[in-house]
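In: Generate coordinates for the sequence data below:
(chains A, B, C and D)
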Number of protein chains: 4
Amino acid sequence: MILIFSGDAKEKDIDNAVKKIEAIGFHPHISRGALRTIVGITGDDRAIPEEEFNQLPGVEQILHVLKPYKLASRDFHPDDTVIKVNEKLIGKGTFTVIAGPCSVEDSEQVETIAAFLESLKLKFIRGGAFKPRSSPYSFQGLGEDGLKILRHSADRHGLAVVTEVLSAHDVELVGRYTDIFQVGARNMQNFALLKALGRVKKPILLKRSMMAKVEEFLLSAEYIMKEGNSDVILCERGIRTFETATRNTLDIAAIPVIKRFSHLPVIIDPSHSMGDWHYVNPASLASIAAGADGLIIEVHPDPLLAKSDGKQSLSPDRFKNLFKQLEKISKVLEIDIQ
Amino acid sequence: MILIFSGDAKEKDIDNAVKKIEAIGFHPHISRGALRTIVGITGDDRAIPEEEFNQLPGVEQILHVLKPYKLASRDFHPDDTVIKVNEKLIGKGTFTVIAGPCSVEDSEQVETIAAFLESLKLKFIRGGAFKPRSSPYSFQGLGEDGLKILRHSADRHGLAVVTEVLSAHDVELVGRYTDIFQVGARNMQNFALLKALGRVKKPILLKRSMMAKVEEFLLSAEYIMKEGNSDVILCERGIRTFETATRNTLDIAAIPVIKRFSHLPVIIDPSHSMGDWHYVNPASLASIAAGADGLIIEVHPDPLLAKSDGKQSLSPDRFKNLFKQLEKISKVLEIDIQ
Amino acid sequence: MILIFSGDAKEKDIDNAVKKIEAIGFHPHISRGALRTIVGITGDDRAIPEEEFNQLPGVEQILHVLKPYKLASRDFHPDDTVIKVNEKLIGKGTFTVIAGPCSVEDSEQVETIAAFLESLKLKFIRGGAFKPRSSPYSFQGLGEDGLKILRHSADRHGLAVVTEVLSAHDVELVGRYTDIFQVGARNMQNFALLKALGRVKKPILLKRSMMAKVEEFLLSAEYIMKEGNSDVILCERGIRTFETATRNTLDIAAIPVIKRFSHLPVIIDPSHSMGDWHYVNPASLASIAAGADGLIIEVHPDPLLAKSDGKQSLSPDRFKNLFKQLEKISKVLEIDIQ
Amino acid sequence: MILIFSGDAKEKDIDNAVKKIEAIGFHPHISRGALRTIVGITGDDRAIPEEEFNQLPGVEQILHVLKPYKLASRDFHPDDTVIKVNEKLIGKGTFTVIAGPCSVEDSEQVETIAAFLESLKLKFIRGGAFKPRSSPYSFQGLGEDGLKILRHSADRHGLAVVTEVLSAHDVELVGRYTDIFQVGARNMQNFALLKALGRVKKPILLKRSMMAKVEEFLLSAEYIMKEGNSDVILCERGIRTFETATRNTLDIAAIPVIKRFSHLPVIIDPSHSMGDWHYVNPASLASIAAGADGLIIEVHPDPLLAKSDGKQSLSPDRFKNLFKQLEKISKVLEIDIQ
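Out: Here you go, the predicted model:
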């Protein structure tokens, strides 16, 4: 932490701050100048409550040097985290494709997709039973019935299940059916939910809020990890910007940015970031090329009939075509696609 | 709803869509053109699942005519809603100033502020006992102890309490102490919480998410209203943009935009939108001038010692000075300030 | 300027940076820590080319303490700048209302508005003769003919002229007719134009780009001032965000932010920021209450017939009504409206 | 164009609009409904001045069906445009890598890079002689001397030159030295410049403004094409969002979006979008995978000594490494890299 004092700050104000820093066990370094005075603290400043300093008389600005997260940081865990789900690995050296419908609609729909995924030797199925919808008049999901359908078909076809949990209250229920808990973008800062998930023994797929900076995204992962669960998969799904040609703006740079500062695996959701199946292919290929550890994609047996997100869902044929292209690129990049 | 077909859409694709529209009981109007064909539906299109149309062959675009919310809309409720809390009114013709500390820290702090507010004849105190914080290492609030402190001082000084509830699970607990439930910006789309609050008998102060369009904000109000609670106070608290000079960007235009399309009262949070007490005064004066129904402001007996948001909190002296200016403007605008 | 070295930076890298700093005549202050080393420079760091430091081995981050602008800064010019146009003043203590049509369309239109403004004792007329339009198929303005019409009516009614100049090439031509040069938002970083305007003897009304931070806005003012023209009026006209309910998002906080860091007068353009006449009234009242030095508003004799921006233009009646409300507020705030 | 009338619009207002539409030679289609009335126009509505309709009494909203650009649209030119520069092609089936320093600094620097590019069999060199800088205190480029240096080394090494032109006034001068004119992001709506470039016989590399929607980007291309020059290369270089981890947010989806609606080639600038060399590699690989027609990258013999943008420049070694990876991916995708 660095305190910047304005040029007209009084000597006693600077002394006062220095004493406060020493009182909490840190060693301040003072650089006096004509225009500004700088007081630096070189220790682990995450422990210092900024609130106690930013209103001190004479303080013009407070700058931070260290990232505010710790367990999620590469500083504290230099090697990439690899997450085990059943016998499969997610992370370093693998590229995991998670696919399935936006919403679980009925058992036939899920069975069709599960069989299709097995035919491609894929290992993960996604599907929503509890759907967060902006409008109360939209389809809200099948609830526990949907979870049962998903589990049943997944088991028949040797797939692991990824499904969303909407509140801390539902963690126990959803946990009975899922292999990976998904936290949706709207819940990235639902701290009650994050804490509850920090206490389960299954991996968490945490989606980035469409308004969150990467730093805040990692702080939400930190909430989960701090409770004891370090199996967090980060998922970039587009941020909100002024551009309306796509549903959201895929922040492709989030992949290398996160990989630089964190050890957690990163996957991309091309369906929600694009909002239109026309663009899912290029967004997916861009993701593998940029170093993502996987994708979570919406596939529907008949997108025209989908109860939600049909516009952005791939048909099985289009998905198969995409998968072939991903395989080609994975070979050049020497990544193990699954 | 209006379907736009591309110039090369086939006749049978258009027929197919027309039949689908008729099948759900609507009457389509067809306008054929060389470059595009337009199929319009003039009834209440909120009931039509867009998903069933946006992937039909030949459909290039779907346009909406009606707003997606209903109960929150001025179309269905032309007069301004006025909300009663104890004997006080919030809405049309009044300007309500809700003030208090960001976090409840101890009983002395709250008592000081409560006495101060009473001395100004104000009627509402705010204070957080459950604090949503981006970092798990930040102060998280006093919990139920904080609620007790708040209730106690409020009762002594004839004030109504406004405090935040973080999850559906806490609604019953918080409801024992508060007069108005506050939903924070991060929870604007926590639908489990919204539904739970739709079933209580107290007003809800709903904050706009920093990424939400006004339309989505009103849809979140709709979630509460649809469950039976129509006492929703909307609170604009700044949206996230590229500008970093303030914590968020206060969308002052949200006041007249909401008033045009909805009948619900709108208040402004100048503290969170600005993030710096230097700007709270002008933001507050702008709000009353632009037609807001009130303010929710952070005041702390000693902002330098605040455990959270000290930088954006007003001292009692600065708040008193602001309140005098608000009174002056309220007289010219013939608004009843309280 | 503060250089932050990562924890594993080598001693010789730090030495190297220290020598570079001394070589350009500055005195570095070094604070070594376990996790990071901080090297601070407390002099006027605007003169230091950041490019020469940000790629040095071991440097993790460079932080700036001083604002990058100088002439536009309140540090160097503590008193508010007041600008004289003919006999009128713009700035501190006055509130200047500049009004007129978006585009000059014909002499009758301009004459009607000019007479109307005179009847309200206003002193400035605006109107565009060179129009920057996103589409090449939109009306592009009357050019010099428009300037003549504007000058003629302004002279008849004792008004000063504000009109836009689109390129350095046109400065001489436009200068023959205008009293204040307007630089549009799209040209805020047209540096050739800014430099040319820095050499004229008339005030410049500089509009903020819809993507510019306040700091960049002030740097554009600095371009003009550095060439010798310090009569710059800053105009906030809305920034681009994800919200589409208004044409742009009026950054009302820009008023106090600019006033804190700069001495230049600030006015607001409620017409372009709102994009809809329904919201021009509240935005204007918010602006005067927040401390703006004036407004630039679009008024058209018959907005329904306007060749551009009709939707956001006020009719004379609506404008008159707004002006009365502004007068009321100006009295309470003890501002001299003109 | 579609006019939406509110439910309480009067019959005569609708009749009035219908007559206006017929008067300008179009055929309106009317769909009356209880809540809204829709009047559709199915012809080429780009020719209709929206301004004449959006303020008519009763009109609530105007919707557009056709894109506002024409020459840049794939509707009017279904095949991809391929641009010839000397003997090289840019566009469909090729992937063009344009590289070089941000600024031309001296002849040795440029000669080093030019020789290096020739050694990789690359065909294009970039370099800025006129630099647009946010601060007037930053290095502004060598001007014509820089152009001479660039031309000289390009000729020695068989390279085509890409360099920026800042104003219409400089088109003739820059045209004496360059093969492709670059228009920077800040000038994307400098219409005087665009029109001047529409009259030259050389290709234009048009950068997207960091605030422009794709639609506005294509309208700027339209300005150039309308004057007769259809050789426009579009360059996405990042848009401005709330995320500050990268200099800008690379809108990777702009590639497929533009390719869907336009026939013009699209290249990516990974250097300006990332602002940090660490991320240039993944951003470049993402671009080729997503279907871009090329890259424009900053390379400097010694980025530590660069006078501008050193932080985001690749060293020759890093560039070579990137180029090898691009070659590998180009083979799988069957693209001819150059």
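In: how about the residues of chain A that lie near chain D?
Out: Selection of chain A residues close to chain D by CB under 8 Å from any CB of the partner chain yields A:211, A:213-215, A:239, A:241-246, A:249-257, A:260, A:273-274, A:278-279, A:281-283, A:285-291, A:328-329, A:331-333. (C-beta placed from N, C-alpha, C; glycine too.)
In: which ones among those residues are found in helices?
Out: Counting by DSSP state H, the residues of chain A next to chain D place A:214-215, A:254-257, A:260, A:273-274, A:281-283, A:285-289, A:328-329, A:331-332 in helices.
In: from the residues you listed, which would you call buried?
Out: Burial by neighbour count, judged by 16 or more other CB atoms under 10 Å in any protein chain shown, picks out A:214-215, A:254-257, A:273-274, A:281-283, A:285-289, A:328-329, A:332 from those.
In: what stretches of the stretch 151-300 of chain A score poorly on pLDDT?
Out: The model of the stretch 151-300 of chain A has no residue with pLDDT under 70.
In: Can you name the residues of the stretch 151-300 of chain A sitting close to chain B?
Out: Proximity of the stretch 151-300 of chain A to chain B is confined to A:166-169, A:186-187, A:189-193, A:209-211, A:216, A:219-220, A:222-223, A:226, A:240 under the rule CB under 8 Å from any CB.
In: just the residues you listed that are near chain C?
Out: Among these, chain C is touched by A:R240 when using CB under 8 Å from any CB.
In: Keep only those of the residues of the stretch 151-300 of chain A next to chain B that are in helices.
Out: Within these, residues falling in helices by DSSP H are A:F191, A:A192, A:L193, A:E216, A:L219, A:S220, A:E222, A:Y223, A:K226.
In: Make JSON lines out of these and add neighbour count and distance to A:K131.
Out: Formatted as JSON lines, the entries for these read as follows, by neighbours: other CB atoms under 10 Å in any protein chain shown; distance: CB to CB, whole Å:
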{"residue": "A:F191", "neighbour count": "23", "distance to A:K131": "22"}
{"residue": "A:A192", "neighbour count": "23", "distance to A:K131": "20"}
{"residue": "A:L193", "neighbour count": "27", "distance to A:K131": "16"}
{"residue": "A:E216", "neighbour count": "18", "distance to A:K131": "24"}
{"residue": "A:L219", "neighbour count": "25", "distance to A:K131": "26"}
{"residue": "A:S220", "neighbour count": "28", "distance to A:K131": "21"}
{"residue": "A:E222", "neighbour count": "25", "distance to A:K131": "27"}
{"residue": "A:Y223", "neighbour count": "28", "distance to A:K131": "23"}
{"residue": "A:K226", "neighbour count": "19", "distance to A:K131": "29"}
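In: Among these, which one lies nearest to B:E105?
Out: For those, the minimum distance to B:E105 (CB to CB) is 19.8 Å, reached by A:F191.
In: residues touching the closest one, list them.
Out: By CB atoms under 8 Å, 6 or more residues apart in numbering or on different chains, A:F191 lies in contact with A:Y223, B:P132, B:R133, B:P136, B:L166.
In: Equivalent analysis for A:Q61, please.
Out: Counting by CB under 8 Å, 6+ apart, A:Q61 has contacts A:L3, A:I4, C:V65.
In: And for whichever residue of the stretch 151-300 of chain A sits closest to chain B, nearest residue in space, chain neighbours not counted?
Out: Per CB to the nearest CB, A:M211 is where the stretch 151-300 of chain A lies closest to chain B, at 3.4 Å. Excluding the flanking residues, the one nearest A:M211 by CB to CB, 6 or more residues apart in numbering or on different chains is B:M211, at 3.4 Å.
In: Just give me the neighbour total for the one you found.
Out: Neighbours of B:M211 under the rule other CB atoms under 10 Å in any protein chain shown: 23.
In: What about it? Give its phi and psi, please.
Out: With angles defined as degrees, to the nearest 10, B:M211 sits at phi -120, psi 0.
In: Looks like it contacts A:M210 (just checking).
Out: Yes - between B:M211 and A:M210 a contact is recorded at 5.6 Å, counting by CB atoms under 8 Å.
In: Need the overlap of contacts for those two.
Out: Both B:M211 and A:M210 are contacted by A:R240, under the criterion CB under 8 Å, 6+ apart.
In: How much space separates the nearest residue to A:L120 once chain neighbours are set aside from chain C?
Out: Counting by CB to CB, 6+ apart, A:L120 lies nearest to A:F323, which is 6.0 Å off, once chain neighbours are set aside. As judged by CB to the nearest CB, to the nearest Å, A:F323 and chain C stand 33 Å apart.
In: Go ahead and list the helix or strand containing A:F323.
Out: Taking DSSP states H and E as the definition, A:F323 sits inside helix A:316-332.
In: Report all helices and strands that that helix contacts.
Out: Under the contact criterion of 3 or more CB pairs under 8 Å, 6 or more residues apart in numbering or on different chains; DSSP states H and E, helix A:316-332 touches strand A:94-100, helix A:280-289, strand A:294-298, strand A:336-337, helix D:316-332.
In: nearest to A:S308, of the ones you listed?
Out: A:S308 sits nearest to strand A:294-298 of all those, at 9.3 Å, using CB to CB.
In: residues contacting A:G93?
Out: By CB under 8 Å, 6+ apart, A:G93 lies in contact with A:I335, A:D336.
In: Over to A:R74?
Out: A:R260, A:F261, A:S262, A:H263.
In: Please apply the same query to A:E216.
Out: By CB under 8 Å, 6+ apart, the contact list for A:E216 reads A:M188, A:Q189, A:S209, B:S134.
In: Assign a three-state SS to the nearest residue to A:A168 once chain neighbours are set aside, would you?
Out: Of all residues not flanking A:A168 in the chain, A:A196 sits nearest, at 4.0 Å (CB to CB, 6+ apart). Using DSSP: H, G, I helix; E, B strand; the rest coil, the structure places A:A196 in helix.
In: what's the burial count for A:A196?
Out: Neighbour tally, A:A196, other CB under 10 Å: 23.
In: Kindly provide the distance from it to A:L206.
Out: Distance, A:A196 to A:L206, by CB to CB, to the nearest Å: 13 Å.
In: for A:P136, same thing?
Out: Between A:P136 and A:L206 the distance, using CB to CB, works out to 26 Å.
In: More neighbours: which of those two?
Out: Neighbours around A:P136 and A:L206, counted as other CB under 10 Å, are more numerous at A:L206. The numbers are 26 against 22.
In: you'd agree that one is in a helix?
Out: No - going by three-state DSSP, the assignment for A:L206 is strand, not a helix.
In: Kind regards, and thank you for your time.
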